[in-house]
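Engineer: just a sequence and a predicted model for now, questions to come.
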Amino acid sequence: MLNDSIAAISTALQQGAISIVRISGDEAFDIAERILTISIKDKPTHTIHYGFVVDPLSGDSVDEVMVSVFKAPKTFTGENMVEINCHGGTYVTKEVLRLCLENGARMANRGEFSQRAFLNGKMDLTKAEAIHDMVMAMDKNNARMAANALQGSVRKVMDPLLEKLLDIIANIEVNIDYPEYDDVEMLSVETVIPKCKSLLKDMDEVLRKANSGKVLKEGIKTAIIGKPNVGKSSLLNALLEEDKAIVSDIEGTTRDMVEGSVRLDNVTLHLIDTAGIRNSEDVIEKIGIEKSKQILEEAELVIVLFDGSQPLDNLDKELLSITEDKDRLLVYNKKDIKRYEGINISAKDEDIDELMNALNKKYDEYHEAYQVPMLQNERQLALMQNARQALIRAVDALEAEMELDLVTIDLQSAYYALKEILGEVSKDDLLDTLFSKFCLGK
Ligand SMILES: Nc1nc2c(c(=O)[nH]1)N(C=O)[C@@H](CNc1ccc(C(=O)N[C@@H](CCC(=O)O)C(=O)O)cc1)CN2
Ligand SMILES: Nc1nc2c(ncn2[C@@H]2O[C@H](COP(=O)(O)OP(=O)(O)OP(=O)(O)O)[C@@H](O)[C@H]2O)c(=O)[nH]1
Ligand SMILES: [K+]
């Protein structure tokens, strides 16, 4: 049932200055008034008021609060909403929630406020996803992408595509509805094929942007390779040291381990486990090369590390040759002993500024990429790919001069896939899965 009133603590449940208990639904004002010393129904929307929360059974005063009033339909959820700003202790916040639940509200499910906002037409699915992304964003870039999506950037991508596709569908429908006009059909099929191809091109562009967005969002798989003892572990430690917070954030990652993430200005590097080559000190060098090849397959960026204090030998040259086709940086370690032409570091002394500068410079242009409207996640990408496939089938059918009815089926499935990106034809189970990932009280 959509109209029961839900309540939840919308702030993190920890000691802080203020916590917010949120109520949404038809009865929100009645429920709040049962536990407050003030009336709120009579107050204008989007206003905040001073009062006390009192347990109606015992008459005990629970907290001194500020109460925000939001009147349907112009609210976040589209329903009546009350936010009780109480003192941010975990006990008192839970007490206020308990009183809401005892006086007519139901405990909200995860993401249920946003789900209601979506169901009440307050936002499309991509905006709901953006809220989730915003909550989860750990760095500036992810937050910026989410902020774009919150402002409707995905819709900006989708609207022109949907418009073009509808135009194509309309052209075909004319032929189905008026099959007796042979001329119309000829003319129309001739114009429709180029239109489909132009739309396909647009979709490819959208997919291309989304893929680079995905790389940015998810980070870049990075391998450090080099001969035994060139200083790989030292470099890894120095890199991870640059960003202690992230390292300790990752479950099971300790300073001794060989995996972790390094947050640069514009992207995050995920260091791939190179334990295989690290431990090859006592095995024949060939194994090191074989391991390197395996690791290279996975890597999107390779840092090839040399011992700068020594002349490059055949093994170094082999590493140079197997990384030739890779996106790579050549780095010389042990600059405290000797410098080479290029990027020099002293991993042991955690002196890796030249490498950090080179990395930041390398991904500098990605800075802008966050500002362009683009698809935001795997779900959207997969649907765009489905739409593209369906459109390709339609073009094939048109070129093979198949029945127009058959073409329409493919065009329609392309249309539905595009609409589903915005959540406009999606199924309930999809919604439940999506919103259950949200934080409570969102
Ligand atoms: N206290 C508080 N802070 C919050 C939220 C909230 O719900 N409560 N938000 C929740 O995520 C975010 C802000 N998002 C919001 C989005 C829409 C509306 C809202 O009332 N929309 C109405 C009227 C808009 C207007 O007056 O122009 C509407 O869309 O009809 C409020 C907050 C972040 N900060
Ligand atoms: N002088 C100098 N020595 C360094 C530097 N970085 C690392 N070393 C030394 O080089 C040796 C090897 O360093 P590691 O970081 O263990 O090298 P590695 O490439 O991980 O070695 P394997 O795990 O055996 O492949 C150690 O004795 C380090 O102290 C540096 O910048 N300058
Ligand atoms: K070593």
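Structural biologist: Yep, it's here. Residues are numbered from 1 along each chain as shown. Ligands and ions are numbered 1, 2, ... in the order given.
Engineer: so who does Pro194 touch?
Structural biologist: Taking CB atoms under 8 Å, 6 or more residues apart in numbering, we find Pro194 in contact with no residue. In short, each C-beta sits where N, CA and C put it, glycine included.
Engineer: secondary structure element for it, which one?
Structural biologist: Taking DSSP states H and E as the criterion, Pro194 maps to helix 182-218.
Engineer: and the very next helix or strand once past that helix, what does it pack against?
Structural biologist: Scanning forward in sequence from helix 182-218 by DSSP H and E, the next helix or strand is strand 220-226. With contacts taken as 3 or more CB pairs under 8 Å, 6 or more residues apart in numbering; DSSP states H and E, strand 220-226 sits against helix 232-241, strand 268-271, helix 285-298, strand 301-307.
Engineer: right, is the shortest one up against ligand 2?
Structural biologist: What it means is strand 268-271. No: under the criterion of CB under 6 Å from any ligand atom, strand 268-271 makes no contact with ligand 2; the nearest approach is 12.6 Å.
Engineer: start the count at 455 instead of 1 going forward.
Structural biologist: Happy to do that; since the first residue is 455 now, the last one works out to strand 722-725.
Engineer: let me see the residues that make contact with that strand.
Structural biologist: Contacts for strand 722-725 (CB under 8 Å, 6+ apart): 593, 673-678, 690, 693-694, 700, 712-716, 755, 813.
Engineer: CA-only coordinates of stretch 465-477 in PDB, if you can.
Structural biologist: What follows is stretch 465-477, C-alpha atoms only, in PDB (Å, rounded to 0.1, in the frame of the first residue of the first chain):
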ATOM      1  CA  THR A 465      21.000  10.600   9.400                       C
ATOM      2  CA  ALA A 466      23.800   8.300  10.400                       C
ATOM      3  CA  LEU A 467      23.100   6.600  13.700                       C
ATOM      4  CA  GLN A 468      26.000   7.900  15.700                       C
ATOM      5  CA  GLN A 469      26.700  10.600  18.100                       C
ATOM      6  CA  GLY A 470      26.500  14.000  16.400                       C
ATOM      7  CA  ALA A 471      25.000  17.400  16.900                       C
ATOM      8  CA  ILE A 472      21.600  16.700  15.300                       C
ATOM      9  CA  SER A 473      19.800  13.700  14.000                       C
ATOM     10  CA  ILE A 474      16.700  13.700  11.700                       C
ATOM     11  CA  VAL A 475      13.700  11.300  12.000                       C
ATOM     12  CA  ARG A 476      11.700  11.500   8.800                       C
ATOM     13  CA  ILE A 477       8.000  10.700   8.300                       C
END
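Engineer: what segments of this protein are strands?
Structural biologist: 460-463, 472-478, 501-508, 515-524, 535-541, 560-561, 674-680, 714-717, 722-725, 755-761, 782-787, 797-798 (DSSP state E).
Engineer: find the closest residue to ligand 1 in the chain.
Structural biologist: Going by CB to the nearest ligand atom, ligand 1 is nearest to Lys528 of the chain, at 3.5 Å.
Engineer: what pLDDT is listed against that residue?
Structural biologist: Looking at Lys528, its pLDDT reads 97.
Engineer: before we move on, the earlier item: who wins for proximity to Gly895 among the strands of the chain?
Structural biologist: When those are compared by CB to CB, strand 460-463 sits nearest Gly895, at 3.8 Å.
Engineer: about what we covered before: which parts of the helix holding Pro648 are buried?
Structural biologist: 639, 642-643, 646, 649-650, 653-654, 657, 660-661, 663-664, 667-668, 670-671 (16 or more other CB atoms under 10 Å).
Engineer: list the contacts of the closest residue to Arg570 other than its chain neighbours.
Structural biologist: Take Arg570 and drop its neighbours on the chain: the residue closest to it by CB to CB, 6 or more residues apart in numbering is Thr531, 4.3 Å away. Counting by CB under 8 Å, 6+ apart, Thr531 makes contact with Ser478, Phe567, Arg570, Ala571, Asn574, Lys576.
Engineer: any idea how far ligand 2 is from the fifth one?
Structural biologist: What it means is Asn574. Using CB to the nearest ligand atom, to the nearest Å, Asn574 is found at 57 Å from ligand 2.
Engineer: so that residue makes contact with Thr529?
Structural biologist: No: in this structure, Asn574 is not within contact of Thr529 by CB atoms under 8 Å, at 9.1 Å.
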